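K.L.:
Got a sequence here, can you build the structure:
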Amino acid sequence: MVSHSSTHQDPQECEMTRNQRGLVETCFEEGQYESGIAVLEQLRSKNFKPPVSLVRQLFYIALYPPPPSLDHAEERDLNLASPSKGSPTKPKHQAPKMTFAPSVNASEAAQRLLLSFVRTNTPTSLFQALPQPRRNNELPFEGDDHDSVVAKESLCIKDAKHCWAILKEGFVPRIRVSQPSLLAGKKKRGKLIIEPEEYVEENRSNLVLAPVAEYAWLVLLWLVELFQRDESLASGDGSVKHSPLLLSQIPPPRSGTGLRWEADAPLDIVFYCVTQSQPQRRQLGLELMALLIGISLTAQFDFNMFLEQVTSRLHSASPEIVQTFLSGFHLSQSSQLFKLALCRKFLSDESGGRNPSSRRPKPQARAVRAARGTALAREENLSSSSAASFSASKISMPSTNDIVHLLTGSNGRISPAILTVKKELLISYAYLQQIAERRDAEWQQIATDGRLEAQVNSVFGGESYAQQDRDALINLVRVWAMN
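P.N.:
Predicted coordinates for the structure are as follows:
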């Protein structure tokens, strides 16, 4: 278990030496990726941060697609010269087989090493290898001359729009090299450099690409662990608990003023995770959601827009996804307050009969928000205390009467999703009342005099599919009445 007591930028974390870096780079230049990764693993230390370019190359290798299941022989290992085509008078061209496309074993080793690094080194040092959106076009100087194939190809990671883009299916294409290009390779420092050819698989243009490729799940786990550790390290500075590095991956408004709000990419990943059959993948999405809630409560983030983005996804989700998503929120005050606000907005939208097409945030509304945001243009200069107080005002605890109104109101609309949201609304409100320093007297009254139990029975008792939820809630109400 890694201790989180260190600071964001550990003064003892120094750059690796040129010789250390050279050992790994030589392996990568020769296509010996597993050997290079093994060397880098031996060099891993909390006192030395890995070079940005090598971490980026690890990402590329970790994200490299495996060969198609029906064509395992496809260009995973590339022969520099085939005995049948090589010149008999020039035996030096018949070099031993060299691997320029990472193997499946190399990809798995890169994924393991990345996870080891995030548990050893500081988030800030590792984060530099990820895309840096809208950083005034400032690129860190690196002494790379891109001798290896992966060094050159991994630059696509630096140029990506944000860190979520590198997870998408098809972001890293498989290396395809035609036979003529093998024979006409370029010489550089005595090494044969292969120029990979860009290709597009047939019949993929009409497919919807998954936001997380099947082979990118461990890289998503890496990102979540990195942001969680960053959140833990930053939580002691007096501001609202959040990951500053995650916040930096949300681009600022195009106008240059106002609050950050473009969270569609990470939310797409959250809801994609929740649809997965594997519990570990669903949990990964819920962990990412908890991190997003943290940054949504900061002074630099547009909370109302974020709430709208999440609500619109719930409206279009199946009842099973709504249940999985809402029941997986962390049992923390901030997460449960957000969940309460989410349920209230969902039910308010339904009772108001809003058209689903109107639930998406409208781009033209940004002009109004930008104007309002000019007063917050100095957001980078806000003190920790003011940031915390600003976020505290974003979510208020509703009264018991408001909760009862949402619970019992229907406007003639009843569906499994609506009843699921009502159930989760009640559970979250009860939890927040339990941990509150001063409980709402009205809540305690309706829980003990039988009114709340009667309302639960009325709301959930009329639908056969809700009988189990009704019985569970009635049992909970009786427990709440005793506490």
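K.L.:
where's R229 relative to Q467, distance?
P.N.:
To Q467, R229 is 44 Å away according to C-beta to C-beta, to the nearest Å. (Glycine included, C-beta is placed from N, CA and C.)
K.L.:
Neighbour count: these two, which is higher?
P.N.:
Neighbours per residue (other C-beta atoms under 10 Å) separate R229 from Q467, with R229 holding more: 21 against 12.
K.L.:
any idea how far L126 is from the closest residue to L54 other than its chain neighbours?
P.N.:
Of all residues not flanking L54 in the chain, V24 sits nearest, at 5.8 Å (C-beta to C-beta, 6 or more residues apart in numbering). From V24 across to L126, the span is 16 Å (C-beta to C-beta).
K.L.:
if you count what's nearby, which of these two comes out ahead?
P.N.:
Taking neighbours as other C-beta under 10 Å, V24 and L126 compare with V24 leading, 26 against 23.
K.L.:
Which stretches in this protein count as strands?
P.N.:
14-15, 48-49, 186-188, 191-193 (DSSP state E).
K.L.:
Which helix or strand in the protein has the lowest average pLDDT?
P.N.:
Every helix and strand in the chain was compared by mean pLDDT, DSSP states H and E; the lowest is helix 366-373, with a mean of 38.
K.L.:
burial of E463, as a residue count?
P.N.:
E463 has 14 neighbouring residues, counting by other C-beta under 10 Å.
K.L.:
I'd say it and L419 touch.
P.N.:
Yes - taking C-beta atoms under 8 Å as the definition, E463 is a contact partner of L419 at 6.7 Å.
K.L.:
all helices for the stretch 201-350 of the chain, in order.
P.N.:
For the stretch 201-350 of the chain, the helices defined by DSSP state H, counting those that start in this stretch occupy 217-234, 244-248, 264-274, 279-296, 303-315, 319-327, 333-351.
K.L.:
how about the CA coordinates for the fourth one, as PDB?
P.N.:
Which is helix 279-296. Taking C-alpha atoms only, helix 279-296 is exported to PDB below (Å, rounded to 0.1, in the frame of the first residue of the first chain):
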ATOM      1  CA  PRO A 279     -18.400  -6.100 -11.900                       C
ATOM      2  CA  GLN A 280     -14.900  -4.800 -11.900                       C
ATOM      3  CA  ARG A 281     -15.500  -2.700 -15.000                       C
ATOM      4  CA  ARG A 282     -18.800  -1.300 -13.600                       C
ATOM      5  CA  GLN A 283     -17.000  -0.400 -10.400                       C
ATOM      6  CA  LEU A 284     -14.200   1.400 -12.300                       C
ATOM      7  CA  GLY A 285     -16.900   3.600 -13.900                       C
ATOM      8  CA  LEU A 286     -18.400   4.400 -10.500                       C
ATOM      9  CA  GLU A 287     -14.900   5.300  -9.100                       C
ATOM     10  CA  LEU A 288     -14.400   7.700 -12.000                       C
ATOM     11  CA  MET A 289     -17.800   9.200 -11.400                       C
ATOM     12  CA  ALA A 290     -16.800   9.900  -7.700                       C
ATOM     13  CA  LEU A 291     -13.700  11.700  -9.000                       C
ATOM     14  CA  LEU A 292     -15.800  13.800 -11.400                       C
ATOM     15  CA  ILE A 293     -18.200  14.700  -8.600                       C
ATOM     16  CA  GLY A 294     -15.200  16.000  -6.700                       C
ATOM     17  CA  ILE A 295     -14.100  18.400  -9.400                       C
ATOM     18  CA  SER A 296     -17.700  19.400 -10.100                       C
END
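K.L.:
Okay, angle between it and helix 319-327 too, please.
P.N.:
60 degrees (axes from the mean of the first three to the mean of the last three C-alpha atoms, to 10 degrees).
K.L.:
Once you drop chain neighbours, what's closest to G328?
P.N.:
Distances taken as C-beta to C-beta, 6+ apart place L286 nearest to G328, at 4.0 Å, with adjacent residues excluded.
K.L.:
separation between the one you found and D349?
P.N.:
Distance, L286 to D349, by C-beta to C-beta: 23 Å.
K.L.:
Tell me how many other residues surround Q57.
P.N.:
Residues lying near Q57 (other C-beta under 10 Å) number 31.
K.L.:
I should have written F460 there, sorry.
P.N.:
F460 has 23 neighbouring residues, counting by other C-beta under 10 Å.
K.L.:
just A441 next, same as before
P.N.:
A441, neighbours per other C-beta under 10 Å, totals 8.
K.L.:
What of P67?
P.N.:
By other C-beta under 10 Å, the residues close to P67 number 15.
K.L.:
thought R260 was touching P251?
P.N.:
Yes - if you go by C-beta under 8 Å, R260 and P251 touch, sitting 6.9 Å apart.
K.L.:
Hmm, S334 is touching I295, no?
P.N.:
No - assessed by C-beta under 8 Å, S334 is found out of contact with I295, at 11.1 Å.
K.L.:
neighbour-wise, which of these two wins?
P.N.:
Using other C-beta under 10 Å as the criterion, S334 and I295 rank with I295 on top: 28 against 21.
K.L.:
Return the backbone torsion pair for P131.
P.N.:
Per-residue torsions, P131: phi -60, psi 140 (degrees, to the nearest 10).
K.L.:
nope, Q278 is what I was after
P.N.:
phi -80, psi 130.
K.L.:
Compute the distance between it and F100, please.
P.N.:
Taking C-beta to C-beta, one finds Q278 at 33 Å from F100.
K.L.:
Neighbour count: those two, which is higher?
P.N.:
F100 (24 against 10).
K.L.:
Of R260 and P251, give the one with the bigger neighbour count.
P.N.:
R260 (22 against 15).
K.L.:
who's the more buried one bridged to?
P.N.:
Note on R260: beta-bridge partners by DSSP bridges are F301.
K.L.:
Look at it and report its pLDDT.
P.N.:
R260 carries a pLDDT value of 92.
K.L.:
just the one 4 residues further on next, same as before
P.N.:
What the model reports for D264 is a pLDDT of 96.
K.L.:
where does the residue nearest to it when sequence neighbours are not counted sit relative to S35, distance-wise?
P.N.:
Closest residue to D264 apart from its sequence neighbours, by C-beta to C-beta, 6+ apart: Q309 at 6.6 Å. Applying C-beta to C-beta, the value for Q309 to S35 is 45 Å.
K.L.:
I'd assumed L58 was in contact with the residue nearest to L54.
P.N.:
No - using C-beta under 8 Å, V24 makes no contact with L58, being 9.8 Å away.
K.L.:
shared neighbours, those two?
P.N.:
Listed as contacting both V24 and L58 by C-beta atoms under 8 Å, 6 or more residues apart in numbering are L40.
K.L.:
And for S232, the neighbour number?
P.N.:
Neighbour number of S232 under other C-beta under 10 Å is 16.
K.L.:
so how far is F48 from it?
P.N.:
Counting by C-beta to C-beta, the gap from S232 to F48 is 22 Å.
K.L.:
Over to S243?
P.N.:
Using C-beta to C-beta, S243 is found at 24 Å from F48.
K.L.:
Compare the two (neighbour count), which wins?
P.N.:
Taking neighbours as other C-beta under 10 Å, S243 and F48 compare with S243 leading, 24 against 18.
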